[in-house]
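Student: here is my input; please provide its structure:
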Amino acid sequence: MVTFTRRDCIVPGLGLGAAFVVGATLLSPIPAMSQAVEIVKVDVAAVANGFRVSKMLGSKVTNEKRESIGSLDDLVIDNKKQIFAVLEVGGFLGLGGHLIAVPYDSLKISDDGKKIELPGASRDTLTALTEFHYSS
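Tutor: Below is the predicted model:
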């Protein structure tokens, strides 16, 4: 069994030179297996014209009749990279509502990101959906 003393890192029974070689071997970095990462060029102008989720959270969601049906609580990306909008529906002034999840693609968002619409929805149909609960 090889032991190092904390004070001088000398291996008992070995000379100073051998201790240096052993110490250097133990302290040398282990070569890492690298992964290839593909860098994709992004059109930053197009990204800059996108919607900032942080600015959209809490926004009122209406149907095509301009009836208020809830508010945007969150966006969730599942492990298949699908995006879902979490809406709070059925409450009054933020009380008594529950959360539901709908596919993000089902929302119609105005060009300025200030109007969010869920066509064909009503408060009654949305409150009848299964309630969404965050896993953690």
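Student: what sits against Glu67?
Tutor: Residues near Glu67 by C-beta atoms under 8 Å, 6 or more residues apart in numbering: 122-123. Heads up, the C-betas are built off the backbone N, CA and C, glycines and all.
Student: how near is it to Gly120?
Tutor: Noted for Glu67: a distance of 12 Å to Gly120, by C-beta to C-beta, to the nearest Å.
Student: equivalent analysis for Ala101, please.
Tutor: 16 Å.
Student: neighbour count winner among the two?
Tutor: Each of Ala101 and Gly120 has its neighbours counted (other C-beta atoms under 10 Å); Ala101 has more, 19 against 9.
Student: quick one on the thing from earlier: list the residues that contact both of Glu67 and Gly120?
Tutor: Joint contacts of Glu67 and Gly120 (C-beta under 8 Å, 6+ apart) do not exist.
Student: give me the number of residues near Arg123?
Tutor: 16.
Student: separation between it and Asn79?
Tutor: Counting by C-beta to C-beta - Arg123 and Asn79 are separated by 31 Å.
Student: how about Glu67?
Tutor: Distance from Glu67 to Asn79, by C-beta to C-beta: 34 Å.
Student: for Glu88, same thing?
Tutor: Between Glu88 and Asn79 the distance is 24 Å, computed by C-beta to C-beta.
Student: same question, Val61
Tutor: Applying C-beta to C-beta to Val61 and Asn79 gives a distance of 25 Å.
Student: that'll do, ta.
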